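> Starting from these lines, generate the structure:
(one chain, ligands or ions: 1)
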Amino acid sequence: MISKRSMFLSGAMAALLVSAGPGAGATEDWHAFGRDVLKQLIEINSEHAIGSTEVTHAIADRLTAAGFARDDIKLLGPPDHPTKGNLVVRLKGTGKLKPVLYIGHLDVVEAERTDWSYDPFKLTEKDGWLYGRGTIDMKGQDASTLTALIRLKKEGYIPDRDIIVAFTADEEAGGDANGVDWLLKNHRDLVDAEFVINPDSGEGRYKNGHKLYLGIQTSEKEYMTFGWAATDKGGHSSRPGPANPIYHVAGAVARLAQYRFPLHLTDTTREYFSKRAELESGQVKADMLSVGGASPDPTAVERLSAVVETNILLRSTCVATQFDGGRSESALPELAKAVIQCRTVPGETQAWIEKILNDIAADPAVKLSVIYPPDISPESPVDLRIMGEAEKLARDMWPGVAVIPFMSAGASDSAFSRAGGLPSYGVDGTFQDLDDDRAHGKDERVGVEAFNQELDFSYRLMKDLGRMK
Ligand SMILES: [Zn+2]
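The predicted model follows:
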């Protein structure tokens, strides 16, 4: 807003005042605005025990100040979890196309001041870095998304599809009030969309200072956990017999160690290997091209399976993570049990995994149980329109950077949106060091320049997606 007072100022002075506000649209101003939002979000502690509600109020104030109607800003959450608030805001479009939904979690992993070099809940700039809990997971991305939305609003941009942004609670630490899940189950109308953008699960990566790729996440491995147990009547250790539960379960675990799940490629992982090959050379490049092709060469599969990072993209995995048995040094064990944690390629059923585990155990004395049933999260189709928009921006902002669809081995809130029938894409323009991942760790940080570029990228992507046919 230009006050009457400015009319009495000299032309140059007035121009200076006008261009100083974020409404002016100059790039530097939006960088400053974005930084200010980031500072505010970081400095409101939203660890699991504290919750996200206070952050949602700060965001609501920003949105109101930017001109969003109160009716387009919803603050809501499960009544029995007052600290696990969510905020849903809508930038209205012409309605020609179905909405896009952005999701961004507001909670952060715990951080102890004594573990850190700086106060984790103060945004600290040092040597080109911004330190603070959440700078990369994911208050940095939340700040970018919010800044982009406010900037579009201030510019009077009318998209062809509504742009909905949901800032949500309880993504980390297996919370019981996950915002995305709760919104989809209780307020589907508010968040229903053609597709979802989740900056939390996208990845821009560089190595040795050189930008490598922008990964668009289309799928996640599913998480399921089983138990193997065997029992016996026990007895004195001086009188051992063959029915020792430890031997039975240990035998099954030893066979699991030798087992490898069959090769299971998806549209995403095939495309991933084809494109990732371009960043490699020699044998690895040839192997990736082979695996990305129509009929992978078994020796290429063998070589890539020997490396953990590529093996986990080629197949499901199950691994023993806990083992327990026996009560006393001089007694035959009455019980032995192992926990088997599985990460499966989308599309593989619980029944199929159970059959494989029973076949591996190959022992009627070893009983299989379900400890954690799968979170079903189907693969989202590789959407060439979204890939195309990201490629266009990457070509312009970071020439030579590959845009690659990928499946991640861990889980994000996209598991809930995919399970809810919404194709979901992890897209994030924040470049991070491939060899220095500080998410959830001490001295979490984002580069000043990386954050500024993220602000530009988020704005341009949101604007493009608003009219993408
Ligand atoms: Zn996260």
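> How many neighbouring residues does Y118 have?
By other C-beta atoms under 10 Å, 17 other residues sit near Y118. Bear in mind the C-beta positions are built from the backbone N, C-alpha and C, glycine included.
> Next: H31.
Number of residues near H31 (other C-beta under 10 Å) recorded here: 18.
> List the contacts of it.
452, 455 (C-beta atoms under 8 Å, 6 or more residues apart in numbering).
> Kindly report the same for the one 10 residues further on.
For L41, the contact set (C-beta under 8 Å, 6+ apart) comprises 55, 58, 106, 134, 139, 142-143.
> how near is the spatially closest residue to it that is not a sequence neighbour to L461?
Using C-beta to C-beta, 6 or more residues apart in numbering and skipping the chain neighbours, the partner closest in space to L41 is K139 (4.2 Å). As judged by C-beta to C-beta, to the nearest Å, K139 and L461 stand 19 Å apart.
> Who has more neighbours out of the two?
It is K139, of K139 and L461, that has more neighbours when counted by other C-beta under 10 Å, with 31 against 25.
> ok so, going back, can I assume the residue nearest to L41 is in contact with V109?
No. In this structure K139 lies outside contact range of V109 using C-beta atoms under 8 Å: 11.5 Å.
> Mutual contacts of those two, please.
R133.
> which non-adjacent residue is nearest the spatially most central residue of the chain?
The residue lying closest to the centre of the chain (C-alpha atoms, centre = their mean) is S201, at 2.8 Å. Using C-beta to C-beta, 6+ apart and skipping the chain neighbours, the partner closest in space to S201 is G426 (3.0 Å).
> Contact partners for whichever residue of the stretch 201-350 of the chain sits closest to the ion?
Closest approach of the stretch 201-350 of the chain to the ion (C-beta to the ion) occurs at S201, with a separation of 7.9 Å. Contact analysis of S201 by C-beta under 8 Å, 6+ apart lists 217, 220, 408, 412-414, 426, 428.
> Quick one: neighbours of L214, just the number.
25.
> that's a strand at it, yeah?
Yes. Assessed with DSSP: H, G, I helix; E, B strand; the rest coil, L214 lies in a strand.
> and T231, what are its phi and psi?
Main-chain torsions, T231, degrees, to the nearest 10: phi -130, psi 160.
> ugh, wrong one, I meant F451
phi -70, psi -40.
> one step back: how far away is the residue nearest to L41 from the ion?
Shown here: K139 relative to the ion, a distance of 10 Å by C-beta to the ion, to the nearest Å.
> quick one, phi/psi of that residue?
Torsion angles, degrees, to the nearest 10, at K139: phi -70, psi -30.
> and what of the one 10 residues further on?
Dihedral angles of L149 (phi, psi; degrees, to the nearest 10) stand at phi -60, psi -40.
> For the stretch 251-400 of the chain, just list every one of the helices.
Using DSSP state H, counting those that start in this stretch, the helices of the stretch 251-400 of the chain run over 267-276, 282-292, 298-305, 308-314, 350-361, 384-397.
> all strands of the stretch 351-469 of the chain, in order?
Assigned by DSSP state E, counting those that start in this stretch, the stretch 351-469 of the chain shows strands spanning 367-372, 402-408, 424-425, 431-433, 445-447.
> Show me what the longest one is packed against.
Here strand 402-408 is seen to pack against strand 210-220, helix 267-276, helix 384-397 when contacts are counted using 3 or more C-beta pairs under 8 Å, 6 or more residues apart in numbering; DSSP states H and E.
> and it, which strands flank it?
Looking at strand 402-408 with DSSP bridges, its partner strands are strand 210-220 (parallel).
> tell me which residues in the strand it pairs with are buried?
The neighbour-count check on strand 210-220 (16 or more other C-beta atoms under 10 Å) flags 211-220 as buried.
> coming back round to it: possible to save the helices and strands packed on strand 402-408 as TSV with distance to L76?
As requested, the helices and strands packed on strand 402-408 are arranged in TSV below (distance: least, C-beta to C-beta, whole Å):
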stretch	distance to L76
strand 210-220	26
helix 267-276	33
helix 384-397	28
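> Show me what from the chain comes close to the ion.
Residues of the chain found near the ion (C-beta under 5 Å from the ion) are 137-138, 200.
> List buried residues within those residues.
Using 16+ other C-beta under 10 Å, the buried members of the residues of the chain next to the ion are 137-138, 200.
> The stretch 101-250 of the chain: strands as residue ranges?
124-126, 129-131, 161-168, 195-197, 203-207, 210-220, 222-231, 235-236.
> ok, back up a step: distance of the residue nearest to the centre of the chain from K392?
Counting by C-beta to C-beta, the separation of S201 from K392 is 21 Å.
> need the contact list for E203.
Per C-beta under 8 Å, 6+ apart, neighbours of E203: 214-215, 217, 406, 426, 428, 432.
> residues contacting the residue nearest to E329 when sequence neighbours are not counted?
Excluding its sequence neighbours, the residue lying closest to E329 (C-beta to C-beta, 6+ apart) is S237, at 7.6 Å. By C-beta under 8 Å, 6+ apart, S237 lies in contact with 329-332.
> Could you rerun that using 10 Å?
Contacts for S237 were tallied using C-beta atoms under 10 Å, 6 or more residues apart in numbering; they are 326, 328-333.
> Only whichever of those residues are buried, select them in ChimeraX.
Burial among these is assessed by 16+ other C-beta under 10 Å; the matching ChimeraX selection reads:
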select :326,332,333
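> could I get the contacts of S237 as a markdown table with pLDDT?
Listed next are the contacts of S237 as a markdown table, based on pLDDT from 0 to 100:
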| residue | pLDDT |
| --- | --- |
| G326 | 95 |
| S328 | 95 |
| E329 | 96 |
| S330 | 97 |
| A331 | 97 |
| L332 | 97 |
| P333 | 97 |
